[in-house]
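1. what's the 3D shape of this:
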Amino acid sequence: MASDPAHALLASDYDGTLAPIVADPAVAVAAPGAAAALARLAGRVGTVAVITGRPAMDAVSLGGLADVPGLIVLGHYGAQRWEAGVLSTPPVPPGVQAVREALPGLLAELAAPEGTTVEDKGTALAVHTRRTADPAAALALLREPLGRLADSAALTLEPGRLVLELRPAGTDKGTALRELAKERAARSALFCGDDLGDLTAFAAIRRLRADGIPGCAVASESPETPQVAEAADVVVDGPPGIVRFLAALADEVC
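-> Presented below is the predicted three-dimensional model:
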């Protein structure tokens, strides 16, 4: 990246990576310095991107990313794209609406613990257990029934950090990263992530390396998802560590 920044691709997850995990996803603002570090990198690195399971506009607004020059934000695991202030979004799959209608009744039938919350992402629905008295037990209670519900609607169930997300199959961060690398003719690639959904992007980095494109997977470490750190090339201490890493990288390429 330092020797040929114009042909580099730098991408990052949002929640848990650029922004600390919080009880209410609607207030997950970026860590101090995150937007500034991305803006510095965007001045030299060929492609700077955020790849998130969130709607793209959520990451743009919460992260204060609208003024990062040339930034590409791929929302909904790559199904949605924000670039230069323009949002492109696909139609909502019919299975999502079916799950939206069935989910309240299913959670009531299961006596989901108090504090269980549903985040409607438009093209996916995420069930969070972080606010319950025993988040891990609540997650275990819900996993199998939500899996059956996802199957019935031709969706996939994606586990994360105290969350189970029901979303369309065939969309993941690894596919999004590979397609973006191809589109931008990247000659090097780096991805930062923290959650189970980021493992496909780490796998994409390894696949790019196998194809002769230097790449690096950076983990924003969390005790909730130790397997992410195990799969990474570089491990830093949560979102503040990611900001320091990006700032140090900016020093190298700017």
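
2. was I right to think Arg147 contacts Leu155?
-> Slight slip there: residue 147 is Gly, not Arg. No: applying C-beta atoms under 8 Å as the test, Gly147 and Leu155 come out as separate, 9.9 Å apart. C-beta here means a position set from N, CA and C on the backbone, and glycine is covered the same way.

3. compare neighbour counts for the two and give me the winner.
-> Taking neighbours as other C-beta atoms under 10 Å, Gly147 and Leu155 compare with Leu155 leading, 23 against 16.

4. got the contact list for the more buried one?
-> Counting by C-beta atoms under 8 Å, 6 or more residues apart in numbering, Leu155 touches 93, 95-96, 99, 124, 166-169.

5. state the distance from Ile213 to Tyr77.
-> 22 Å (C-beta to C-beta, to the nearest Å).

6. neighbour count: these two, which is higher?
-> Tyr77 (27 against 16).

7. any idea whether the more buried one is helix, strand or coil?
-> What DSSP: H, G, I helix; E, B strand; the rest coil gives for Tyr77 is helix.

8. the stretch 151-254 of the chain: strands as residue ranges?
-> 155-160, 163-168, 188-193, 215-220, 234-236 (DSSP state E, counting those that start in this stretch).

9. number of nearby residues for Pro90?
-> 12.

10. bridging residues for Leu166?
-> Leu125, Leu157 (DSSP bridges).

11. which stretches of the stretch 101-250 of the chain aren't confidently modelled?
-> Within the stretch 101-250 of the chain, not a single segment meets pLDDT under 70.

12. check contacts around the residue nearest in space to the middle of the chain.
-> The chain has Thr52 as the residue nearest its centroid, 3.1 Å off, counting by C-alpha atoms, centre = their mean. Going by C-beta under 8 Å, 6+ apart, Thr52 touches 13-15, 58-59, 73-75, 77.

13. how about the nearest residue to it, chain neighbours excluded?
-> Tyr14 (4.1 Å; C-beta to C-beta, 6 or more residues apart in numbering).

14. please apply the same query to Pro32.
-> Val243 (7.2 Å).

15. same question for Ala185.
-> His7 (6.8 Å).

16. could you report the neighbour count for the one you found?
-> Neighbours of His7 using other C-beta under 10 Å come to 16.

17. list the contacts for it?
-> Contacts of His7 (C-beta under 8 Å, 6+ apart): 46, 185-188.

18. want to try TSV for those residues, with neighbour count and distance to Met1 as columns?
-> Below are the contacts of His7 laid out as TSV (neighbours: other C-beta atoms under 10 Å; distance: C-beta to C-beta, whole Å):
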residue	neighbour count	distance to Met1
Gly46	19	9
Ala185	10	15
Ala186	23	10
Arg187	18	9
Ser188	22	5
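
19. and which of the residues you listed is nearest Gly105?
-> Lowest distance from Gly105 to the contacts of His7 (C-beta to C-beta) belongs to Ala186, with 45.8 Å.

20. what's the spacing between the closest one and Leu146?
-> 36 Å.

21. from Gly241, how far out is the residue in the chain sticking out farthest from the centre?
-> Most distant from the centre of the chain: Glu109, at 30.5 Å, with distances by C-alpha atoms, centre = their mean. Distance, Glu109 to Gly241, using C-beta to C-beta: 42 Å.
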